[in-house]
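**Q** sequence plus predicted model, see below.
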Amino acid sequence: MKILVINGPNLNLLGIREPDIYGRGTYAELCALIGGWADELEMNCELFQSNHEGAIVDAIGQAYGVYDGILINPAAYTHTSIAILDALKAVGLPTAEVHISDISVREEFRRFSYVSLYAFVTIAGKGFDGYRLGLEALKERIRQK
Ligand code: DQA
């Protein structure tokens, strides 16, 4: 089971970025955790991070026929990107959305997610553990197909 894990803008700055909200763990530490969880769950995960909307759209488009599912934290593009939503709908892969923070209790502009209009599950406010929950949800979903 091959999963593409996509992290959007500024998640490369985890560790130094607003640690009260996102914690002190770095992006490299998050990647190592995801790698360990993937091994435990017997999933094959590839990690992709970009600060550029078009690069994320391209990565989603190229996932067609290569991956069985997508785990995505679109970061700020969550709240703005119809292009990312359209790319996800275009490839039609099972998609789990994850947010480190609880976007439902932050600023008003974070409450709406375009990606949620397609993702079969949205996990928010569980810190880095949300990625593990997302992988588990994907595994279950892909198995049922
Ligand atoms: C985020 C929440 C978004 O609102 C924010 O723009 C991010 C990170 C999260 O993981 O909590 O960059 O997706």
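**A** Sure thing, it's come through. What you see is a predicted model; the values in this text were computed from it and never measured. Numbers count the residues shown, from 1 in each chain.
**Q** quick check: bridge partners of the residue at minimal distance from the centre of the chain?
**A** What sits nearest the mean C-alpha location of the chain, by C-alpha atoms, centre = their mean, is residue 72, with 1.8 Å. Following DSSP bridges, residue 72 is listed with bridge partners residue 6, residue 97.
**Q** surely it meets residue 95?
**A** Yes - at 6.3 Å, residue 72 counts as touching residue 95 under the criterion of C-beta atoms under 8 Å. The way it works is simple: take the backbone N, C-alpha and C, and place the C-beta from them, glycine included.
**Q** any residues in contact with both of those two?
**A** 88, 115, 119 (C-beta atoms under 8 Å, 6 or more residues apart in numbering).
**Q** can you tell me how far the first one is from the ligand?
**A** Summarising the geometry, the distance separating residue 88 from the ligand, computed by C-beta to the nearest ligand atom, to the nearest Å, is 15 Å.
**Q** same question, the last one
**A** From residue 119 over to the ligand the distance is 13 Å, taken as C-beta to the nearest ligand atom.
**Q** three-state assignment of that residue?
**A** coil (DSSP: H, G, I helix; E, B strand; the rest coil).
**Q** helices of the protein, start to end?
**A** Along the chain, counting by DSSP state H, helices occupy 19-22, 27-40, 53-62, 82-91, 129-144.
**Q** redo these as a markdown table? Include mean neighbour count.
**A** Converted to a markdown table, the helices of the chain look like this (neighbours: other C-beta atoms under 10 Å):
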| stretch | mean neighbour count |
| --- | --- |
| helix 19-22 | 12 |
| helix 27-40 | 16 |
| helix 53-62 | 17 |
| helix 82-91 | 17 |
| helix 129-144 | 18 |
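**Q** brilliant, that's me finished.
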